[in-house]
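Enquirer: A structural model of the following input is requested.
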Amino acid sequence: MSDVYAQPTAAAQPANPGDLAQYTTLRMGGPAGRVVTATSADEIVARVREAGSEILLLAGGSNVVIGDVGFPGTALLIRSHGLRVLTEDEQTVTVRVEAGEAWDDLVAATVENRWSGLECLSGIPGSTGATPIQNVGAYGQEVAETIVAVQVYDRVAGTVGRVAAGDCGFAYRSSIFKYSERWVVLSVDFRLTRSPLSGPVRYAELARALDVAVGDRVPLAQARATVLGLRAGKGMVLDAADPDTRSVGSFFTNPVLDSAAYELLRQRAADIGEPPAWPGAGNVVKVSAAWLIDKAGFGRGYPGPEGTAISTKHTLALTNPTGTATTQALLTLARDIRDGVQSRFAVTLHPEPVLINCTL
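Expert: Numbering: from 1, shown residues only. You can find the predicted model right below:
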């Protein structure tokens, strides 16, 4: 049983509803045994109970790699929508958002309403229900900072309940929900700040693009527009006319190394320069996967089998430009990159998307 949440790729049903490739941004993946749709939290629960253990949850497919053999059970398309205010005062507002709501639509709504806290997460493909699972983050913000609680269906207990933010186990691109068969996310509660200004800009690249100092605040709309521009320049905003966006976004996570592993990396990289890195709590260091990939010899546009390739705009994105390559071809490219980085720098890269009936 697998849980995957991502951005719907089209409003219309595909010609062959059983072809899972048509529900993924990679345009890869074999057939499902059957495909059903749920448009509300109650319907999600009912469909999951009905399907039993052989179920794949999809809110569209932007963070999933499905094997060429497909999925033999039921693929459940999460299509629940809606946002409502739970509580509000002069400083904050708490909103509940259904799992199937497109993430960027939510971010746009918060900016329009002058609710600060999600603006730097603009342009990320995926559903709202995906965000706590992955602890989605970008440009200095993470959803863990604003999530109050997650409403879930507990498959073990057979009940619907609420998981408070402090019990979600949020970490870098992770939570208790990730890779767990127990939980089905139904909706997410966010507490946002009433303000026309962004939170303090934390990310140096974003600060440069805004022409402000790190720590400054800018109008919400300006922050959103700038983030969208940065992401589009990297092929990280879905665009049917841009083959580079036929991907899952970042294929590998940034490695988090202990001090010994980081020192070994620095020694291995002594001839090419200091690896970009960000110190973290507990004497660990996060390093740039994109830098490792590029310096290991896999630059933008690097070709793989069957027309697969590294994006021409960003080394972290592996693409299916023609829309006709197999999952196996993409994974062959991913293995070559992973093994090349391991050989050059003694650092192991790990995939960010969920892999269904395939392995790296």
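Enquirer: I'd guessed residue 205 sits against residue 139; true?
Expert: Yes: contact status for residue 205 versus residue 139: in contact at 7.5 Å, counting by CB atoms under 8 Å. From N, CA and C alone the C-beta is placed, and that goes for glycine too.
Enquirer: sec struct for the closest residue in space to residue 72 that isn't next to it in sequence, please.
Expert: In this structure, residue 72 finds its nearest non-sequential neighbour in residue 33, 5.0 Å apart by CB to CB, 6 or more residues apart in numbering. What DSSP: H, G, I helix; E, B strand; the rest coil gives for residue 33 is strand.
Enquirer: which one of residue 205 and residue 139 has more residues nearby?
Expert: Set side by side, residue 205 and residue 139 give different neighbour counts by other CB atoms under 10 Å, the larger being at residue 139 (23 against 10).
Enquirer: got a list of what that one touches?
Expert: For residue 139, the contacting residues are 120-121, 202-203, 205-206, 227, 230, by CB atoms under 8 Å, 6 or more residues apart in numbering.
Enquirer: A ChimeraX selection for these, restricted to the buried ones, would help me check which they are.
Expert: This is how ChimeraX selects the buried members of the contacts of residue 139, with burial counted by 16 or more other CB atoms under 10 Å:
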select :120,121,203,206,227,230
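Enquirer: Any chance of the contacts of residue 139 in CSV with distance to residue 193 and secondary structure as columns?
Expert: Converted to CSV, those look like this (distance: CB to CB, whole Å; DSSP: H, G, I helix; E, B strand; the rest coil):
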residue, distance to residue 193, secondary structure
120, 13, helix
121, 15, helix
202, 15, coil
203, 18, coil
205, 23, helix
206, 18, helix
227, 18, helix
230, 23, helix
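Enquirer: between the contacts of residue 139, which is nearest residue 41?
Expert: Nearest to residue 41, judged by CB to CB, of the contacts of residue 139 is residue 121 at 22.9 Å.
Enquirer: Just the pLDDT for that closest one.
Expert: Each residue has a pLDDT score; the one for residue 121 is 97.
Enquirer: any low-confidence regions in the chain?
Expert: Along the chain, the parts satisfying pLDDT under 70 run over 1-18, 60.
Enquirer: in its sheet, what does whichever strand or helix holds residue 86 sit against?
Expert: In this structure, residue 86 is located in strand 83-88 according to DSSP states H and E. Take DSSP bridges as the rule and strand 83-88 pairs in its sheet with strand 92-98 (antiparallel).
Enquirer: buried stuff in the helix or strand following the strand it pairs with?
Expert: Sequence-wise, the next helix or strand beyond strand 92-98 is helix 103-112, with elements assigned using DSSP H and E. The neighbour-count criterion (16+ other CB under 10 Å) identifies 103-104, 106-108, 110-111 as the buried residues of helix 103-112.
Enquirer: Appreciated, that's everything.
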